[in-house]
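Undergrad: structure, please.
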Amino acid sequence: MRRVDPLLLAIVIAGLGLRLIGIGWGLPNIDRYHSYHPDEALQVGATLRVDPLGGDFDPGFYNYGSLSFFLTRLAWEFSEGISPSSREPWALSARLHLVGRLWTVFFGTLTLLLVFDIGRRLIRNDRRLSRFTPPADASGASSEPPLPEGGVLRRATYSVLLTAAGRGPASETGVSYWRSELGARVAGLCAAGLLAMAPAHVAHSHYFTVDIGAAFWATAAVAAGLRLLEGPRIRDAILAGLCAGLAAATKYNTGLVLLAPLMALALSYRGRLAEQGPLPAEGAESACPPLGKRVPFGRGFLVPALACIGTCAVAFLAGCPGVALNTAAFLRDFLFEAQHVRTGHGLVFVRTLPAWIYHITTSLRFGLGLPLLAIVLLAIAQAAKRRSPADLVVAAWVIPYYLLIGSAQVKFLRYTLPLLPMLAAWAGVLCADWLLNTKRSRWRALATSALVGIGFWTLGAAVSYDLFFASPDPRDRAAGAIRSAVTPGATVALTTEPWFYTPPLVPWNGGPQTRIEFEAARESWPYQFLVGGWSAERVARERPECFIASNLEEQIRDGVRLGLPEAEQLVAILEREYRKEVFAPVASWPGTLGPGHAPEDWMYPAPTITVYLRDDIGGR
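TA: Numbering: from 1, shown residues only. Down below sits the predicted model:
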């Protein structure tokens with residue numbers, strides 16, 4: 001039985017814990033019929049429209065692939081069979097949200113194991129990593145792995161790593177073990193640990209969305225693809241194609257990961273040809289021993305490549321059968337998404353940097369934190385210099401995907417999530433280099449200390465973000481304050497119909513999806529809601545008793561950012577003629593919410609709600 005790595009087990013448990021804290025954040029309840037994440041309502045609606053056990057595989061919604069809908073529906077049916085939820089619609093929706101989120105936690109946690117494996121293979125595949133090789137003695141034999149220079153603490157760290165990596169004491173190890181086993185194990189552990197506490201991966205593992213699941217399948221495809229460097233085994237090609245197809249069936253653009261196993265097959269075939277060397281000229285004698293038959297192109301590349309591509313296509317159709325069942329709806333929604341990312345998302349990304357720069361300076365800066373981002377950038381530079389076959393396989397997925405999202409006008413942070421496992425794997429190799437390299441000068445000890453500090457800093461950022469989920473939400477706090485200060489029947493101004501950024505004064509908070517229900521329930525409104533079309537002139541004319549603003553809505557947030565006169569004048573009259581109460585998120589880790597404008601999908605659990613009250617309303 002294979003021994004379980006205790007350090008890896010500890011990382012997985014810690015990663016699972018970080019992803020479960022606050023998992024019930026913003027779920028539907030009697031005060032709100034939709035969660036505080038705007039995309040979850042779309043996921044829930046599509047999940048309720050399928051019934052895999054009943055043979056209904058058409059959700060009628062194809063902005064994303066259908067695989068996550070099928071898996072969530074099956075798990076939801078199972079949970080209802082064990083412990084039925086109450087019959088209120090919001091209770092059913094809350095259960096479905098929670099089941100979908102738990103799937104996301106499951107995929108996010110499993111990704112840690114895959115990254116561990118990829119980190120190990122990045123070391124093992126590069127024979128030039130001789131810095132992990134102990135020096136030879138005078139007789140030419142390999143000596144024991146030397147303990148590093150430095151103090152007791154660093155020597156103790158080495159002992160722990162050796163114990164975790166090996167099957168015996170250090171004295172029993174040799175060159176191949178020192179390079180392949182210890183270096184590979186440390187790289188894998190560092191990669192898994194960095195991803196376990198990467199704030200963006202932790203944050204989005206709390207949502208019933210497709211991004212973390214797609215990232216899992218894409219990472220699995222790369223992990224299977226790296227196995228193909230060892231040989232063109234059909235089973236590995238099929239496994240890689242299966243995972244790539246399921247990735248595309250979850251989120252279409254992650255289907256690009258199919259390039260990784262194809263690159264691995266090409267490199268493997270080329271490597272075997274190089275090992276055989278050129279055939280001697282006809283009639284010439286060779287001093288070399290006779291070589292075996294040259295690797296046939298069909299068996300060495302073409303057959304496993306076709307198996308990989310064919311399995312990918314079958315897996316995609318199995319996970320998203322609407323391509324064939326409802327082609328018109330599939331093309332409608334697929335082309336809508338393609339057009340959407342090319343044309344933008346309202347004012348949200350207007351006058352922001354090009355996406356290929358924005359994702360580094362904004363998405364990854366907030367999603368990883370500056371210290372970890374610096375490590376990742378150094379790791380990418382190291383991989384570019386190293387260019388081992390394993391690095392090229394990973395790059396065959398990372399580069400095309402980044403070019404794709406880098407060409408878009410829509411620049412949500414979540415678009416970078418499928419890349420985080422690969423970035424963590426490269427960073428793990430860099431960390432192993434710094435931790436185990438005994439041939440460098442003493443300043444490397446400072447770098448090692450810096451790595452430990454960066455780890456604690458990143459962990460603090462992840463825990464701090466979890467507090468957003470576990471603490472009372474600013475929207476709920478604002479709603480309670482409004483109910484206390486504003487009498488029923490008063491006029492309350494909203495910039496849009498109630499949506500995910502609106503305090504739950506009425507339960508119809510689905511934005512455009514619940515607009516009809518919201519208007520139909522006008523007689524039961526607790527206040528006279530005045531929705532949309534607000535300007536400074538209208539505020540001066542109608543004088544609403546309460547005005548609600550959020551830093552998640554476009555009109556004020558992006559209007560002020562862009563310097564639009566209408567937005568600036570509206571804020572000016574509210575600041576001048578109203579008193580305000582600000583409901584901000586709990587204190588955050590430095591850099592978590594600023595400086596600068598954080599991505600919108602980074603702010604979902606941490607909005608700032610500003611309630612403007614007319615001077616004659618309530619009291620301080």
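Undergrad: got a pLDDT number for V348?
TA: For V348, the pLDDT comes out at 93.
Undergrad: what does G298 give?
TA: If you check G298, the pLDDT there is 81.
Undergrad: for L228, see how far away it is.
TA: Using CB to CB, to the nearest Å, we find G298 at a distance of 16 Å from L228. Every C-beta, even on glycine, is put in place using the N, C-alpha and C of the backbone.
Undergrad: repeat that for Q43.
TA: Counting by CB to CB, the gap from Q43 to L228 is 34 Å.
Undergrad: pLDDT below threshold where in this protein?
TA: Scanning the chain with the threshold set as pLDDT under 70 gives 1-2, 126-180, 272-295, 438-443, 618-620.
Undergrad: how does it look with 50?
TA: Along the chain, segments meeting pLDDT under 50 span 129-156, 162-178, 278-292, 620.
Undergrad: list the contacts for the residue nearest the centre of it?
TA: Using CA atoms, centre = their mean, the residue of the chain that lies closest to the mean C-alpha position is L417, 2.9 Å off. L417 makes contacts with 200-201, 204, 211-212, 214-215, as judged by CB atoms under 8 Å, 6 or more residues apart in numbering.
Undergrad: determine which two of those residues are furthest apart.
TA: When CB to CB is used, the two most widely separated members of the contacts of L417 are A200 and A214, lying 14.3 Å apart.
Undergrad: looking at these two, which has the bigger crowd around it?
TA: Neighbours per residue, other CB atoms under 10 Å: of A200 and A214, the larger number sits with A214, 29 against 26.
Undergrad: just to revisit the earlier point, G298 and L228: who's more crowded?
TA: L228 (27 against 11).
Undergrad: confirm that that one sits in a helix.
TA: Yes: counting by DSSP: H, G, I helix; E, B strand; the rest coil, L228 falls inside a helix.
Undergrad: chain neighbours aside, what residue packs nearest to it?
TA: Nearest-residue entry for L228: A264, 3.9 Å, with adjacent residues in sequence omitted and distances by CB to CB, 6 or more residues apart in numbering.
Undergrad: would you map out the domains in the chain?
TA: Here the domain parsing of the chain from automatic domain parsing is 6-135+143-276+295-466, 474-614.
Undergrad: and the ones you listed, which is most packed in?
TA: domain 6-135+143-276+295-466 (a mean of 20; mean count of other CB atoms under 10 Å).
Undergrad: all helices in the stretch 301-450 of the chain, in order from the N-terminus.
TA: For the stretch 301-450 of the chain, the helices defined by DSSP state H, counting those that start in this stretch occupy 303-319, 322-325, 327-343, 355-358, 364-368, 370-386, 389-406, 420-436, 443-470.
Undergrad: tabulate the ones you listed (a markdown table), appending distance to E181.
TA: Below are the helices of the stretch 301-450 of the chain laid out as a markdown table (distance: least, CB to CB, whole Å):
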| stretch | distance to E181 |
| --- | --- |
| helix 303-319 | 28 |
| helix 322-325 | 45 |
| helix 327-343 | 44 |
| helix 355-358 | 38 |
| helix 364-368 | 29 |
| helix 370-386 | 20 |
| helix 389-406 | 16 |
| helix 420-436 | 11 |
| helix 443-470 | 20 |
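Undergrad: looking at the ones you listed, which is nearest to D601?
TA: helix 364-368 (9.9 Å).
Undergrad: for that closest one, which helices and strands make contact with it?
TA: The criterion is 3 or more CB pairs under 8 Å, 6 or more residues apart in numbering; DSSP states H and E, and the helices and strands that helix 364-368 contacts are helix 199-204, helix 370-386.
Undergrad: using PDB, write down the CA coordinates of the first one.
TA: Backbone C-alpha positions of helix 199-204 (Å, rounded to 0.1, in the frame of the first residue of the first chain) are rendered in PDB as follows:
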ATOM      1  CA  PRO A 199      -6.700  33.900  -2.200                       C
ATOM      2  CA  ALA A 200      -8.400  33.900  -5.600                       C
ATOM      3  CA  HIS A 201      -8.600  30.100  -5.700                       C
ATOM      4  CA  VAL A 202      -9.900  30.100  -2.100                       C
ATOM      5  CA  ALA A 203     -12.400  32.800  -2.800                       C
ATOM      6  CA  HIS A 204     -13.900  31.300  -6.000                       C
END
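Undergrad: what residues does it touch?
TA: Contacts for helix 199-204 (CB under 8 Å, 6+ apart): 15, 18-19, 104, 108, 111, 195, 211-212, 215, 363-364, 366-369, 413-414, 416-417, 420, 458, 461-462, 465-466, 592, 601-602, 605.
Undergrad: distance between that helix and the chain's centre?
TA: Helix 199-204 has its C-alpha centroid displaced from the chain centroid by 6 Å (CA atoms, centre = their mean, to the nearest Å).
Undergrad: same thing with stretch 484-496?
TA: Put simply, stretch 484-496 sits 38 Å off its chain's centre (CA atoms, centre = their mean).
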